[in-house]
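Participant: sequence and predicted structure below; questions after.
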Amino acid sequence: MSFDRPCIVRLLDEMSLSTEDDDAPSEGLIPENFAYRVEGAQFARIQSDAWKEIYKPVSHYLFVTGWGCMDVLSGGVPVFLLVDRPG
């Protein structure tokens, strides 16, 4: 996965994620999916207003794996590339 514009990234493991008190809506989470575009989450709100103004419009993306979470704030959109694994 990559973005074609600058990003602010936050990585959290399962322990940190489970103790976080975020007021973000949890509606719309779908089993077997890992990529979401999020609106109204604290992560995006607390980032630099100057950065958000320079790179606007920006979106907050959330990527959830088995043991962690990656938040990305970017004016770009994610591009996914599937990689073949030998074996």
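Facilitator: On my side now, so go ahead. Numbering: from 1, shown residues only.
Participant: please make it C-alpha for all contacts and neighbour counts, starting now.
Facilitator: Noted.
Participant: how far away is the residue lying farthest from the centre of the chain from Tyr55?
Facilitator: In the chain, counting by C-alpha atoms, centre = their mean, Gly87 sits farthest out from the average C-alpha position, at 30.6 Å. Distance, Gly87 to Tyr55, using C-alpha to C-alpha, to the nearest Å: 42 Å.
Participant: ok, Ala35 next?
Facilitator: In terms of C-alpha to C-alpha, Ala35 sits 21 Å off from Tyr55.
Participant: likewise Ala44?
Facilitator: According to C-alpha to C-alpha, Ala44 and Tyr55 sit 13 Å apart.
Participant: who has more neighbours, those two?
Facilitator: When Ala44 and Tyr55 are compared for neighbours, Ala44 comes out ahead with 21 against 15, by other C-alpha atoms under 10 Å.
Participant: and the next helix or strand past whatever helix or strand the more buried one lives in?
Facilitator: Here Ala44, judged by DSSP states H and E, is contained in helix 42-45. Next helix or strand after helix 42-45 toward the C-terminus (DSSP H and E): helix 49-54.
Participant: ok now that following helix, how far from the chain's centre?
Facilitator: Remark: helix 49-54 is offset 18 Å from the chain centroid, using C-alpha atoms, centre = their mean, to the nearest Å.
Participant: how about stretch 6-13?
Facilitator: Computed by C-alpha atoms, centre = their mean, the chain-centroid distance of stretch 6-13 equals 7 Å.
Participant: let me see the mean pLDDT of it.
Facilitator: Taken as a whole, stretch 6-13 has an average pLDDT of 94.
Participant: buried residues, it. List them.
Facilitator: Neighbour-count burial for stretch 6-13 flags Cys7 (criterion: 16 or more other C-alpha atoms under 10 Å).
Participant: which residues touch that stretch?
Facilitator: Stretch 6-13 is touched from outside by Tyr55, Trp67, Gly68, Cys69, Met70, Asp71, Val72, Leu73, Ser74, Gly75, Gly76, with contacts defined as C-alpha atoms under 8 Å, 6 or more residues apart in numbering.
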